[in-house]
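Engineer: Quick one: sequence and predicted model below, then my questions.
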Amino acid sequence: MERNMTQHYRALIGGEWQQGRRGSFAVDDPATAQVVAMVADVDVSQVDLAIEAADRAFDRWRRLSAQERCDLVLLWHNRLQENRQRLAELITLESGKPMAESLGEVEYGASYLKWYAQQGVRANGQTLPALPGGRRPMTVKQPVGVVGVITPWNFPLAMIARKVAPALAAGCAVVIKPAAETPLTALLMAELAQEAGIPDGVINLVPGSDAAVIGHRLCTHPKVRKLSFTGSTSVGRLLMAQSAERVQKLSLELGGNAPFLVFDDANLEGAVSGLMASKFRNSGQTCVCANRILVQRGIYDDVIARLKARMAALTLGPGALPGTDLGPLISDRALTRVEALVRDAVASGARLTMGGSRSPKGERFYLPTLLESVTEDNPIWTQEIFGPVVAVTQFDTEEEGVRLANSSEAGLASYLYSDNLPRAVRVAEALEYGMVGINEGIISSAVAPFGGIKSSGLGREGGQEGLEEYLETKYLCLGGIG
Ligand SMILES: NC(=O)C1=CN([C@@H]2O[C@H](COP(=O)(O)OP(=O)(O)OC[C@H]3O[C@@H](n4cnc5c(N)ncnc54)[C@H](OP(=O)(O)O)[C@@H]3O)[C@@H](O)[C@H]2O)C=CC1
Ligand SMILES: O=C(O)CCCC(=O)O
């Protein structure tokens, strides 16, 4: 990551650190709204150069043995671990999240590198039963090719790690467009990859302020074989439409609208702890944050009382300040969006019983907010809140709870709390979501397939499934064997 005294950062294309042909764009600290760095703003010709460099590097990278590639990914993992404090400080600087969460993100992101360094050597094909006529069928696994990677700002390190680690382990080369709000962590990751010995061109990084142009090129350039995207559903739809022409492969991890069901047979303290962990992670700005809280009527008052006490104890502040639980929202746009959501929710009948305004801590800080009586026809019901706002409703029967939980276009994460095992299994099976936390509010792990159904996307990240996303299965039919 080359920079000069005024903190100018460059793009990484084919192993060279380059200035942006569109100049540079500013990155700010969400806690202060002050500019902290200027970053190379690439144009479409530089995206093309990065794709060409990736294509050349792919040809060599895919020919290494799986073990050689995985050894290099493991060395990259080690460089991340050795630089965890530096990386965490950058994550906090550009995303605003508390240092404890940033350190957790480095650990979490690095775990994908370690997992895929171990898993990439198991990209096994199959020998299949013999066919009539002396034929022997078999399959081999081959890397997809050059992969475009577009990531969001809410996990500046982990979202890159969980796409790039399996891609590299599979034998692919990548062109990464990080979120314009958080390119600095990505640039340091790329520098550490170079130091680890990942060959030039295998990882290219093209920061830019014109996401539409870069995204379009990554969908339409003939040498890009796959696009992996995490972000909003609306941009995911656009990328899918743009990829249709070339039938380009896609992994899409899009918006969620997670229901969080608390049944009357749940351990209430456990349920509220799980809710706090899920809801307030990164100030509510994750796609798996609890979004619609559904509480069974008999325990409603008890749950709300415990929840209010826990919310009142949260400390808002700059992420770099020790003791901070909740940082700022990422941008002015995010703040005004959350304000409008709460305003519209109240106008549509929700009861505001806590918070509901900006915090005096700073420009982008929003108070932990509680909305009750949020009905299915309230506009907030269908929105991914992406802020520290808890929207709660009551239900009577298990059937009603499941129906309300499933009343969403999104199908990413869901949560249920119940100490009744048959009920927990029944409800988990009935939830139309790609992931279910059962008596657990934090479900993400490198070993598990993360992803959604319905409008929440395509494909899975993590686990063996995450490696398959970057592999083609080729069928070979050996004839004349007898
Ligand atoms: N699933 C998830 O984890 C996430 C969901 N979201 C949801 O999206 C909402 C808005 O957040 P926002 O940051 O605007 O999310 P976006 O989907 O706009 O951004 C995510 C990534 O996509 C890029 N991007 C934006 N427009 C295009 C485009 N036309 N073509 C290609 N890439 C594009 C962004 O680049 P750039 O930064 O340069 O604009 C960024 O790298 C949030 O409130 C939340 O609901 C947001 C982030 C993550
Ligand atoms: O919000 C997201 O983009 C998903 C990442 C969260 C996680 O991996 O737990």
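Structural biologist: Now that the structure is in, tell me what you want to look at. From a predicted model like this one, the values you see are computed outputs, not experimental measurements. Ligands and ions are numbered 1, 2, ... in the order given.
Engineer: What is the neighbour count of the residue of the chain found nearest ligand 2?
Structural biologist: In the chain, the residue that lies nearest ligand 2 is S444 (3.2 Å; C-beta to the nearest ligand atom). Quick note: C-beta positions are derived from backbone N, CA and C, even for glycine. Here the number of neighbours of S444 (other C-beta atoms under 10 Å) works out to 19.
Engineer: Residues of the stretch 251-400 of the chain that sit close to ligand 1?
Structural biologist: Within the stretch 251-400 of the chain, the positions near ligand 1 by C-beta under 6 Å from any ligand atom are 253-255, 287, 384, 386.
Engineer: Am I right that P137 sits in a helix?
Structural biologist: No: counting by DSSP: H, G, I helix; E, B strand; the rest coil, P137 is not found in a helix; it is strand.
Engineer: Please list all residues in contact with P152.
Structural biologist: 159, 179, 230-231 (C-beta atoms under 8 Å, 6 or more residues apart in numbering).
Engineer: so which of these is the most crowded?
Structural biologist: Of these, with other C-beta under 10 Å as the count, M159 tops at 29 neighbours.
Engineer: ok, so what distance separates it from E461?
Structural biologist: 9 Å (C-beta to C-beta, to the nearest Å).
Engineer: so which residue of the stretch 1-150 of the chain comes closest to ligand 1?
Structural biologist: Counting by C-beta to the nearest ligand atom, the stretch 1-150 of the chain gets nearest ligand 1 through I150, at 4.9 Å.
Engineer: Check the chain too.
Structural biologist: G215 (2.2 Å).
Engineer: which ones are touching that residue?
Structural biologist: If you count contacts by C-beta under 8 Å, 6+ apart, G215 has them with 150, 177, 235, 238-239, 242.
Engineer: mind listing which of the residues you listed are in strands?
Structural biologist: Judged by DSSP state E, the subset of these located in strands is 150, 177.
Engineer: and the contacts of G215, which are buried?
Structural biologist: For these, a burial check counting by 16 or more other C-beta atoms under 10 Å picks out 150, 177, 235, 238-239, 242.
Engineer: for this protein, what spans make up the helices?
Structural biologist: Using DSSP state H, the helices of the chain run over residues 44-61, 66-82, 84-95, 99-119, 158-170, 183-196, 211-220, 233-244, 268-280, 300-312, 332-347, 398-406, 421-430, 463-468.
Engineer: Would you format those helices as a markdown table with mean pLDDT included?
Structural biologist: Shown next, in a markdown table, are the helices of the chain (pLDDT from 0 to 100):
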| stretch | mean pLDDT |
| --- | --- |
| helix 44-61 | 98 |
| helix 66-82 | 98 |
| helix 84-95 | 98 |
| helix 99-119 | 98 |
| helix 158-170 | 98 |
| helix 183-196 | 98 |
| helix 211-220 | 98 |
| helix 233-244 | 98 |
| helix 268-280 | 98 |
| helix 300-312 | 98 |
| helix 332-347 | 98 |
| helix 398-406 | 98 |
| helix 421-430 | 98 |
| helix 463-468 | 97 |
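Engineer: what's the most buried one of these?
Structural biologist: Most buried of the helices of the chain by mean neighbour count (mean count of other C-beta atoms under 10 Å) is helix 158-170; its value is a mean of 29.
Engineer: counting contacts, what elements does it pack onto?
Structural biologist: helix 66-82, helix 99-119, strand 146-150, strand 173-177, helix 183-196, strand 224-230, helix 463-468 (3 or more C-beta pairs under 8 Å, 6 or more residues apart in numbering; DSSP states H and E).
Engineer: ok, the fourth one: who's next to it in the sheet?
Structural biologist: Think strand 173-177. strand 146-150 (parallel), strand 203-205 (parallel) (DSSP bridges).
Engineer: and E440, what is it in contact with?
Structural biologist: 274, 415.
Engineer: that older thread, the residue of the chain closest to ligand 2 is in contact with V288, isn't it?
Structural biologist: Yes: between S444 and V288 there is a contact at 6.9 Å, judged by C-beta atoms under 8 Å.
Engineer: tell me, what's touching the two both at once?
Structural biologist: Contacts common to S444 and V288, judged by C-beta under 8 Å, 6+ apart, are absent.
Engineer: who touches Q383 in this structure?
Structural biologist: 257, 341.
Engineer: go on, the one 10 residues further on?
Structural biologist: With contacts defined as C-beta under 8 Å, 6+ apart, T393 is in contact with 292-295, 372-376, 404.
Engineer: got it, and A123?
Structural biologist: 66, 141, 169-170, 467, 471.
Engineer: Residue numbers of the stretch 251-400 of the chain in contact with ligand 2?
Structural biologist: Going by C-beta under 6 Å from any ligand atom, the residues of the stretch 251-400 of the chain near ligand 2 are 286-288.
Engineer: interface residues of the stretch 51-200 of the chain facing ligand 2?
Structural biologist: Residues of the stretch 51-200 of the chain lying near ligand 2 (C-beta under 6 Å from any ligand atom): 152, 154-155, 159.
Engineer: ok, 8 Å please
Structural biologist: 108, 152, 154-155, 158-159, 162 (C-beta under 8 Å from any ligand atom).
Engineer: doesn't K141 make contact with N124?
Structural biologist: Yes: N124 lies in contact with K141 (C-beta under 8 Å); the separation is 6.9 Å.
Engineer: show me what contacts the nearest residue to F365 once chain neighbours are set aside?
Structural biologist: Spatial nearest neighbour of F365, excluding adjacent residues (C-beta to C-beta, 6 or more residues apart in numbering): S359 at 3.9 Å. When the contact criterion is C-beta under 8 Å, 6+ apart, the partners of S359 are 316, 365-367.
Engineer: if we can go back for a sec, so which of the residues of the stretch 251-400 of the chain next to ligand 2 belong to strands?
Structural biologist: Short answer: these have none in strands (DSSP E).
Engineer: top of these by neighbour count?
Structural biologist: C287 (27 neighbours).
Engineer: tally of neighbours for the residue lying closest to that residue once chain neighbours are set aside?
Structural biologist: Leaving aside its sequence neighbours, C287 sits nearest to G256 (C-beta to C-beta, 6+ apart; 4.5 Å). Neighbourhood size, G256 [other C-beta under 10 Å]: 28.
Engineer: okay, G256: pLDDT?
Structural biologist: In this model, G256 is scored at 97, pLDDT.
Engineer: cool, P152 as well?
Structural biologist: 98.
Engineer: Report the contact partners of the closest residue to it other than its chain neighbours.
Structural biologist: Spatial nearest neighbour of P152, chain neighbours left out: G231 (4.7 Å); criterion: C-beta to C-beta, 6+ apart. G231 is in contact with 150-152, 179, 253-254, counting by C-beta under 8 Å, 6+ apart.
Engineer: What distance do you get for the nearest residue to R84 once chain neighbours are set aside to L192?
Structural biologist: Closest residue to R84 apart from its sequence neighbours, by C-beta to C-beta, 6+ apart: V106 at 4.5 Å. Counting by C-beta to C-beta, the gap between V106 and L192 amounts to 11 Å.
Engineer: Find the residues that touch each one of those two.
Structural biologist: L80.
Engineer: Kindly report the domain assignment for this protein.
Structural biologist: The chain breaks down by automatic domain parsing into domains covering 8-254+455-476, 258-446.
Engineer: Okay, now the last one: how far is its last residue from its first?
Structural biologist: End-to-end distance of domain 258-446: 20 Å, with C-alpha to C-alpha, to the nearest Å as the criterion.
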